[in-house]
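Engineer: Here is a sequence with its predicted model. Questions after.
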Amino acid sequence: MSEEQPTGATTPPASFSVDDVEHKVVALAEPGPGEPATEPEGTASDSDQKDEIRPDSLRMDPRVGEELYGAQFSATYSRVNARGVNALGNNNTIHVINYKGQPPAKPIIRDLVEVPELLRVYAGASADAELETKLGDRPTACLAGRSNTGRFSTACVALARRHGADRVHEVMLPAGVGPEVLHRAAESLLEGHGYILRLPGNGHGQAMRLLTDTFRRRAASLLLIRDDDSRAGGRHSAEVQHRRPDPLAVFRAHLKYGLRAQRKLTAEESGLHADSYLQHGDLVQALRNTYGPREVVPIAKAVVDRHPADDDVLAGILRISQPRRRAYAAAILRSDAGGDARRPRRADQHERAFRIAYAVFARQPLHYVFEAAGLLLEEIDGQAKRPDWGRLALQHPVSELLGPLDVDWQEGREAARSHGSSSRSAWLHDGAMRGVIIDEAWHEFDSTRPALLKWLDTLVSDNEEPVQRAAAEVAGLLAHHDFERVCADLVDDWASSPKARVRQAAAWAMVAADMGGQVDHLVRRQVREWAGGRRNYQRDAAARVYASGLQQPDLSWSLADLRRIAEDQMQQHTSTVAEGIYQLYTPHRAHQIIFELAQWSDDRQLQRHAGSALLNLAMRPVDDSPGGPPDLVTRLATNDVDGGDLVRLWRVSLLATELSRHAWFVLGHWLRQADSEELFRKPIEALLNELAAVPALRRRLRFHLVRLAEFEDGLPMWLESAMRKW
């Protein structure tokens, strides 16, 4: 069966009408006697496709972000306060306008509540004065600079100084929507406020021309941020060039504020302490070797936390700073080939390959490191067109191959023995060295890049999940350095693979790339292309990205993608979309998500996904605490979700052939909660009464309730009383 069939070319499953109710529910019928069993498109060649996904089993561990990016790690899966055409509220009840699978074309505006604190620690940049002048002369301007240089902070401060710290906002646009939408959505702009828009590409000049009058009429300011492409001659007259601030000034500002806030020192005392710390030569050198404010701030915070810090304490702090990590990574990958003419052939390459593999497979059994190092050497030989020299055996012990990392290896073995676990696992004392070593290999050995990419491709084809996860995580890190190349050579092909485990690797790579916080707009563009493209394997990969933990800046954008994917016939027998919904869920989003799923329940192509998502969420405990009551039950009891929407979803779940068995089990769990907690009893009884209003369900309720394992000794009085009313 062709894998290129458009989404719309599907045959809907059979349906039946429910007596006395306009709402129709699809029964996903099994083949009758003599009828051939049909498969959704794409599953025939997808032999490892799993019908069910255990909740959270695909989600990427946050430790991965810390290991890959260190001080740069910015897990951006936070809940933002947004207002726009489809979301109104402030972590309260939010009213959603249904968009039928299409994202809202209007911008989302985020309140930057952290600006007042930013003003207290802002060190100042060379662009400040010029930016103030530009914003005084015109309502729109542009700040061009490299990422991680503090350009966003500079933009926030410039607007705060002009409009006030509580009047600064960030504009976020859906993928494929240009900044001109602000001209059509002028009612969303507040008078006398400042707005920041990160604009990829080079359309800033046209955007300013289109939007100048709109913001002038509102007495507001728009400050665009774009990546600096170093073409000084082509700059717009309203553009200001940004340079990173002095790292010593950034350190001093954050240190002074931290000492005042945490150590209760006066401004004069904190200034004197900051000046004394800046007399430390190693500290100053480390600060000057940082790549941007994000690397400076953790050093300042560590000094505040351990104040007063003597030379030994400062040495410990600097040892895990990004500059020192980079220096250590260079030492790890340094070759000793020139030091001993008797060293075996390729010894230096073997050591480098082993150390790179050791970093890639941190926290994994060492046999993965040996296998991966051999594969990397094969790729390097292939790129160099050398004859196959075979695997090196009995030449180098682990300690020699690891070199400087042998200290970590031995420490890890001792720690493992003390806990009674396996002592042969790759272990790094400083977990963030993992990403730094990989970065060093990518940047310092440029000619090896094709071999590294092919090596990752080979690892992803492995049948073992830890190998695929590790390769995908590294691909996500490398996407920060060359997103287009990594996607073209690796990730895009993985997303098109007929093997589900390879598509899952593509999803992990996208989430790992997003964790770094620099290419998030590129990640979302790529996911959007997969979700809306013609290839159903890529649509499945997009669903897996959400199931692995990715979140869009606005919930409706994520739901729009998942709805579009759910319409694909290939998804009719998988739970990937339902797991994506599960990952999007938080208590304050319950109303939004249940409302949207209720809309899905009216569409027979989406009913199974809606029912599966409900059953997953229905077992999710409050605060994700094991043993706690289901969060949705507490939301229902406090009227945080609409009971009618839940009734519609329960109807689908209890009547759909493929879901009903599990649905009765979950309903029994809800009833047990209602029996043990009086607060839940009345809303659950009301839900049962609504379900019993459907004759087909009333018969099933009478049949199943008395057979639930929760009530082997008989139904409780409140439930028997409810049944007598039906």
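Structural biologist: Thanks, I have it. Numbers count the residues shown, from 1 in each chain.
Engineer: From here on, just use CA atoms for contacts and neighbour counts.
Structural biologist: Noted.
Engineer: By mean pLDDT, which helix or strand of the chain comes out lowest?
Structural biologist: Least confident helix or strand, the chain: strand 82-83 with a mean of 34, by mean pLDDT, DSSP states H and E.
Engineer: After it, which helix or strand is next? Please name it.
Structural biologist: Moving toward the C-terminus from strand 82-83, the next helix or strand (DSSP states H and E) is strand 108-111.
Engineer: That following strand - what's its average pLDDT?
Structural biologist: Mean pLDDT, strand 108-111: 91.
Engineer: on contacts alone, who are the packing partners of that strand?
Structural biologist: Packing contacts for strand 108-111, counted by 3 or more C-alpha pairs under 8 Å, 6 or more residues apart in numbering; DSSP states H and E, involve strand 82-83, strand 168-172.
Engineer: Could you list the buried residues of the longest one?
Structural biologist: Counting neighbours by 16 or more other C-alpha atoms under 10 Å, one finds that the buried residues in strand 168-172 are 168-172.
Engineer: what's the answer for stretch 493-512, then?
Structural biologist: By neighbour count, and taking 16+ other C-alpha under 10 Å as the criterion, the buried residues in stretch 493-512 are 494-512.
Engineer: Report the backbone C-alpha coordinates of it in PDB.
Structural biologist: Listed next in PDB are the C-alpha coordinates belonging to stretch 493-512 (Å, rounded to 0.1, in the frame of the first residue of the first chain):
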ATOM      1  CA  ASP A 493      15.100  10.600   6.900                       C
ATOM      2  CA  TRP A 494      14.500   9.100  10.300                       C
ATOM      3  CA  ALA A 495      11.100  10.700  10.400                       C
ATOM      4  CA  SER A 496      10.200   9.100   7.100                       C
ATOM      5  CA  SER A 497      11.300   5.600   8.100                       C
ATOM      6  CA  PRO A 498       8.800   2.700   8.000                       C
ATOM      7  CA  LYS A 499      10.200   1.600  11.400                       C
ATOM      8  CA  ALA A 500       8.500   3.100  14.400                       C
ATOM      9  CA  ARG A 501      11.700   3.000  16.500                       C
ATOM     10  CA  VAL A 502      13.600   5.000  13.900                       C
ATOM     11  CA  ARG A 503      10.800   7.600  13.800                       C
ATOM     12  CA  GLN A 504      10.900   7.700  17.500                       C
ATOM     13  CA  ALA A 505      14.600   8.600  17.300                       C
ATOM     14  CA  ALA A 506      13.700  11.500  15.000                       C
ATOM     15  CA  ALA A 507      11.300  12.700  17.700                       C
ATOM     16  CA  TRP A 508      13.900  12.400  20.500                       C
ATOM     17  CA  ALA A 509      16.400  14.400  18.300                       C
ATOM     18  CA  MET A 510      13.900  17.200  17.900                       C
ATOM     19  CA  VAL A 511      13.100  17.400  21.600                       C
ATOM     20  CA  ALA A 512      16.800  17.300  22.500                       C
END
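Engineer: Check the offset of that stretch from the chain's centre.
Structural biologist: Computed by C-alpha atoms, centre = their mean, to the nearest Å, the separation of stretch 493-512 from the middle of its chain amounts to 15 Å.
Engineer: ok, and what's touching it?
Structural biologist: 42, 45-49, 60, 64-65, 460-461, 465, 468-469, 471-477, 487, 491-492, 523, 535, 537-538, 540-542, 544-545, 548-550 (C-alpha atoms under 8 Å, 6 or more residues apart in numbering).
Engineer: Mind checking the pLDDT average for it?
Structural biologist: The average of the pLDDT scores along stretch 493-512 is 97.
Engineer: all strands of the protein, in order?
Structural biologist: Using DSSP state E, the strands of the chain run over 82-83, 108-111, 140-145, 168-172, 194-198, 221-227, 239-241.
Engineer: who does the longest one touch, helix- and strand-wise?
Structural biologist: Judged by 3+ C-alpha pairs under 8 Å, 6+ apart, the packing partners of strand 221-227 are strand 140-145, helix 151-163, strand 194-198, helix 204-217.
Engineer: and the second one, how far out from the chain's middle?
Structural biologist: It stands for helix 151-163. Here helix 151-163 is found 27 Å from its chain centre; the criterion is C-alpha atoms, centre = their mean.
Engineer: So which bits of that helix are buried?
Structural biologist: Using 16+ other C-alpha under 10 Å as the burial criterion, the residues of helix 151-163 that qualify are 151-160, 162-163.
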